[in-house]
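Undergrad: Show me how the following folds:
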Amino acid sequence: MPCELCVAENETMLWQNESCRVILVADDDYPGFCRVIWQRHIKEMTDLKTAEQQYLMSVVFAVERALREVMQPDKINLASLGNVTPHVHWHVIPRFATDKNYPNPIWGKSQRTGMPSPPPDWKIRLNKMIQKEISAC
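TA: Numbers count the residues shown, from 1 in each chain. Sure, this is the predicted structure:
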């Protein structure tokens, strides 16, 4: 079965280069949910060279900084699982006390019916802020 992260299809691309890309995950329950995906099919972080590991994490941290600035979340969750899709990628998820799972993981049982209300024009602002933060990497 082909890897769904190896081919960029139906993605809202926020930024990319030859090493990795940042996409906005289409999830109305978690506005601002981003995924940082390594372009080559690599299974584990330790399969990357040290410099690649450091670069990837600098991109993850840049996305986190951009999300904090634009979305003003109560918390940011970082996750690298890969059990379903064994391809190095990081989830960068702004969390709000009003989201349906807070404070539990987004993949857990819902705690309430809730919906964060992101700031106006957040998608445009997030895209610009990600460009700015990653350019500093």
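Undergrad: Would you map the helices across the protein?
TA: Taking DSSP state H, the helices of the chain run over residues 50-71, 122-135.
Undergrad: Quick check: mean pLDDT of the longest one?
TA: Helix 50-71 shows an average pLDDT of 98 in the prediction.
Undergrad: helices or strands up against it?
TA: Judged by 3 or more Cβ pairs under 8 Å, 6 or more residues apart in numbering; DSSP states H and E, helix 50-71 is in contact with strand 20-24, strand 34-38, strand 75-79, strand 89-95, helix 122-135. All C-beta atoms are positioned from the backbone trio N, CA, C, and that covers glycine.
Undergrad: gap between it and the chain center?
TA: 9 Å (Cα atoms, centre = their mean, to the nearest Å).
Undergrad: Next, the buried residues of it.
TA: 52, 55-56, 59-67, 70-71 (16 or more other Cβ atoms under 10 Å).
Undergrad: ditto for the shortest one
TA: Applying a neighbour-count criterion of 16+ other Cβ under 10 Å, the buried positions in helix 122-135 are 122, 125, 126, 127, 129, 130, 133, 134.
Undergrad: got a pLDDT number for the nearest residue to residue 77 once chain neighbours are set aside?
TA: Once flanking residues are discounted, residue 77 sits nearest to residue 93: 4.3 Å by Cβ to Cβ, 6 or more residues apart in numbering. On pLDDT, residue 93 comes in at 98.
Undergrad: My guess is residue 93 contacts residue 30. True?
TA: Yes - using Cβ atoms under 8 Å, residue 93 is in contact with residue 30, at 5.9 Å.
Undergrad: Now for the two: what residues contact both?
TA: Counting by Cβ atoms under 8 Å, 6 or more residues apart in numbering, the shared contacts of residue 93 and residue 30 are residue 106.
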